[in-house]
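Visitor: here you go, sequence then predicted model.
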Amino acid sequence: MYYKMTRTSYPLISIITVNYNHSEVTCELIESLNKISYPNIEIIVIDNNSPDDDPIIIKRKYPNIVLVENPT
């Protein structure tokens with residue numbers, strides 16, 4: 001019997017990465033991760049209070065990610 005698999009048929013996979021002063025590199029990673037064919041992933045970026053970088057750039061470019069900005 002054939003049935004169509006829906007997005008909710010797949011378990012959610014969370015991919016978590018840390019950013020510290022390298023938003024450009026993190027954006028490259030996200031660009032690569034967006035090519036994954038698995039239909040139910042979330043990308044979480046943890047910014048560890050980057051003093052020389054603005055992590056909001058990541059969220060603006062990839063609004064579908066979860067951005068956590070640590071205060072310290």
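Guide: Perfect, I can see it now. On a predicted model such as this, the values are computed, not experimentally measured, just so you know.

Visitor: packing partners of the top helix by length along the chain?
Guide: Longest helix in the chain, counting residues (DSSP state H): helix 23-33. On a contact count with 3 or more C-beta pairs under 8 Å, 6 or more residues apart in numbering; DSSP states H and E, helix 23-33 meets strand 13-19, strand 41-47, helix 56-61. From N, CA and C alone the C-beta is placed, and that goes for glycine too.

Visitor: give me the element L67 is part of.
Guide: In the assignment (DSSP states H and E), L67 maps to strand 66-69.

Visitor: which strands and helices sit next to that strand?
Guide: Strand 66-69 packs on strand 41-47, helix 56-61, going by 3+ C-beta pairs under 8 Å, 6+ apart.

Visitor: helices or strands next to the last one in the packing?
Guide: With contacts taken as 3+ C-beta pairs under 8 Å, 6+ apart, helix 56-61 sits against helix 23-33, strand 66-69.

Visitor: check which residues of the first one are buried.
Guide: Buried positions in helix 23-33, judged by neighbour count with 16 or more other C-beta atoms under 10 Å: S23, T26, C27, L29, I30.

Visitor: picking that back up, to K59, which of the helices and strands packed on helix 56-61 lies closest?
Guide: When the helices and strands packed on helix 56-61 are compared by C-beta to C-beta, strand 66-69 sits nearest K59, at 4.5 Å.

Visitor: thanks a lot, see you next time.
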